[in-house]
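# What follows is a predicted structure for the sequence shown.
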Amino acid sequence: MTYPPPYPHPDVSVRRWWQHPALIIALLILVPPGGIALAWTSRWSKGKKLIATVLAGLWFLSAFLGDPPKKTETDAKPKVATGKSTAPATTPSPNPLPNYVGQNLKQAKTDAYAAGYNAISHDAGPGSAGQWNDDNWKVCFQAPVGEPAGTKATLDFGVVRNEWPCPAKDGEPIPYPKMPKVVGLTFAKASEILKPIGLQEIEPRSAYTDVTLPATVDDWTVCFQEPEDGEEIQRPKTTTAYLEVAGPGTGCPTAQHTKLHPDPTPPSNDDDSSSSSTSGGTSRSGGTSSGGTSSSGGGGQTGVGFGRFCSPVGARATTGDGRPAKCFMGKDGRARWGYAS
């Protein structure tokens with residue numbers, strides 16, 4: 001008994017996911033080069049592959065063969081960029097530009113990049129200081145500037161330091177704050193007026209060199225100030241205002257570096273000489289006159305006063321009431337009469 005030969009096995013090759021007709025057709029429309037590549041790896045017939053290749057190729061090339069858009073009269077006119085930048089202007093974005101004026105420069109750049117813009121900056125004052133640390137600057141002006149085709153639109157920020165006011169126009173002088181007059185005010189009121197300037201510190205000092213300030217001087221009166229009123233404050237963060245104050249009920253001195261209780265003025269040598277001068281010369285009878293010298297008292301002067309200046313050191317004399325006196329060198333380097341024991 002003979003058996004028929006076995007039937008041949010059918011082709012059961014598995015179709016891959018990238019060979020799915022729906023995927024290939026979608027790519028032929030959206031990404032023609034990719035769709036053509038996948039079509040030739042599919043199980044389509046050769047005729048279908050050729051038709052798909054021709055149609056997808058024409059579709060792909062049609063995007064490059066169309067006429068370029070005509071320029072309108074508005075587009076033909078040159079655009080002028082504001083601000084200090086001299087770069088040619090570009091067609092503005094159809095959406096309104098975001099406004100970053102008043103923001104910190106670092107934050108403004110971050111937000112501009114997130115919105116699809118490049119960002120550059122320049123000194124908005126008459127100088128040309130570089131912005132080495134964006135955190136120290138703020139935006140006063142902004143303007144779009146032109147860039148080569150195919151790159152992002154760029155915003156040019158005109159900036160000043162955080163503690164400075166913005167100029168009226170980009171490139172004009174900066175209106176630095178000026179020191180107000182606070183002399184005659186209490187320390188508390190003066191501090192309130194100076195606070196908006198953003199000074200590094202407001203430090204009280206005594207207007208009298210021999211007066212120590214208490215812990216709180218809010219009710220003390222300002223007698224002198226430094227910087228003086230009207231002076232420009234270009235670096236508030238590194239500037240300290242020194243206010244010399246006097247206590248309540250105490251008037252201000254007429255000049256700085258003055259003592260409230262000055263040392264007593266010592267008598268002059270002329271006063272000592274006049275007080276020890278005699279009114280009637282020397283006594284001829286051995287007695288003493290009212291202010292002269294004694295001819296019998298050891299040859300010393302008479303009528304001197306303790307504490308008065310004298311010379312030479314070591315000389316002896318007698319006071320007006322008859323006590324013995326001697327010329328001693330004082331601690332201040334000047335000789336004075338003292339009691340001779």
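Sure, I can see it. Residues are numbered from 1 along each chain as shown.
# Run through the strands of the stretch 51-200 of the chain in chain order.
Ranges of strands in the stretch 51-200 of the chain, per DSSP state E, counting those that start in this stretch, are 118-123, 137-145, 154-161.
# Give me the distance from the second one to the chain's centre.
Here the centre of mass of C-alpha atoms in strand 137-145, compared against the chain's by C-alpha atoms, centre = their mean, to the nearest Å, lies 20 Å away.
# elements contacting that strand?
Packing contacts for strand 137-145, counted by 3 or more C-beta pairs under 8 Å, 6 or more residues apart in numbering; DSSP states H and E, involve helix 105-114, strand 118-123, strand 154-161. Bear in mind the C-beta positions are built from the backbone N, C-alpha and C, glycine included.
# For this protein, which segments count as helices?
21-30, 32-39, 46-65, 73-76, 105-114, 187-194, 269-276 (DSSP state H).
# which intervals of the chain have sub-threshold pLDDT?
Applying pLDDT under 70 to the chain flags residues 1-15, 17-18, 63-95, 147-150, 265-300, 341.
# Any idea which residue is closest to the centre of it?
Residue closest to the mean C-alpha point of the chain, counted by C-alpha atoms, centre = their mean, is K237 at 3.6 Å.
# can you tell me which residues contact that one?
Applying C-beta atoms under 8 Å, 6 or more residues apart in numbering to K237 gives the contacts E163, G198, Q200.
# Any chance of the helices of the chain in TSV with distance to Q131 and mean neighbour count as columns?
Converted to TSV, those look like this (distance: least, C-beta to C-beta, whole Å; neighbours: other C-beta atoms under 10 Å):
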stretch	distance to Q131	mean neighbour count
helix 21-30	45	15
helix 32-39	46	18
helix 46-65	43	13
helix 73-76	34	8
helix 105-114	6	17
helix 187-194	28	17
helix 269-276	70	14
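# closest one to T212 among these?
Distance to T212, taken as C-beta to C-beta, is lowest for helix 187-194 among the helices of the chain, at 15.4 Å.
# So which other helices or strands are in contact with the closest one?
Judged by 3+ C-beta pairs under 8 Å, 6+ apart, helix 187-194 is in contact with strand 201-206, strand 221-226, strand 240-246.
# ok, residues contacting that helix?
Here helix 187-194 makes contact (C-beta under 8 Å, 6+ apart) with 180, 182, 185, 202, 204, 217-222, 225, 241, 243, 245.
# Select from the residues you listed the one having the most neighbours.
When neighbours are counted by other C-beta atoms under 10 Å, V245 leads the contacts of helix 187-194 with 26 neighbours.
# Pretty sure it sits against C223.
Yes. Between V245 and C223 there is a contact under C-beta atoms under 8 Å: 6.4 Å.
# Tell me the residues that contact both of these two, please.
A207.
# my guess is R336 meets S311, correct?
No. R336 is beyond contact range of S311, at 10.0 Å (criterion: C-beta under 8 Å).
# what touches both of those two?
Residues touching both R336 and S311 (C-beta under 8 Å, 6+ apart) are C327.
# Please identify which of these two sits among more neighbours.
A count of neighbours by other C-beta under 10 Å puts R336 above the other of R336 and S311, at 20 against 11.
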